[in-house]
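J.: The following block contains a protein sequence and its predicted model.
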Amino acid sequence: MKMAQTNLILNDLLLRTVIAVAVLIISYFISRYIRANLERALSKFGPNFAKKTAEVARYFILFMGAVIAVSVLSLDVMAISIITAAILVFILVSMRDLVLNLAAEFYLMTRRPFKENDWIRIGEIEGTVKSIRGIDTEIITYEGDLVIIPNAYFL
């Protein structure tokens, strides 16, 4: 009787593991598909914005796939979710300036107060916008100097 019960438990665990792996694989392919289509659809807002937004959507889908896979394995999803949330809060707090500059880039790409080759003035610095990057904007001054300004200054 114990041998049959052990086999049943192992078969159930094996089946759950196969399903969990299948969920992860499917979520991987769905995330790639969504990322490609979202990036194409958002390209009118600029390549950086489209790429970053599509990547966030991709990671969200992968995260949801992982949560579903964990629940299929009958692991405690709440405990894993709390640990994941705590890790994310720690990462966000430790990277506060980076997150602020990335949020500012989102603002710059959606509101477009200026674009590349525009003449702008921020504080004492004025010049032509060379490029708007993930965390900073490059400006070439009238004198020809390259000045790099964190995007958070534009908020």
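T.: It's in.
J.: Show me the domain layout of the protein.
T.: 2-94, 114-154 (automatic domain parsing).
J.: element containing the residue nearest the centre of the chain?
T.: The centroid of the chain falls nearest to residue 56 when counting by CA atoms, centre = their mean (2.9 Å). Here residue 56, judged by DSSP states H and E, is contained in helix 47-72.
J.: rewinding a little: switch the domains of the chain over to a markdown table; also include distance to residue 104.
T.: In short, each C-beta sits where N, CA and C put it, glycine included. Shown next, in a markdown table, are those (distance: least, CB to CB, whole Å):
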| stretch | distance to residue 104 |
| --- | --- |
| domain 2-94 | 12 |
| domain 114-154 | 4 |
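J.: Looking at these, spot the one closest to residue 102.
T.: domain 114-154 (6.3 Å; CB to CB).
J.: Okay, buried residues for the helix holding residue 56 please.
T.: 48-54, 57-58, 61-62, 65-70, 72 (16 or more other CB atoms under 10 Å).
J.: what does stretch 126-140 give?
T.: Result for stretch 126-140 [16+ other CB under 10 Å]: buried residues 127, 129, 132, 135-139.
J.: Please tell me how far residue 83 sits from residue 116.
T.: Applying CB to CB, to the nearest Å, the value for residue 83 to residue 116 is 42 Å.
J.: Can you pick out the most distant pair from the buried residues of stretch 126-140?
T.: 127 and 135 (18.8 Å).
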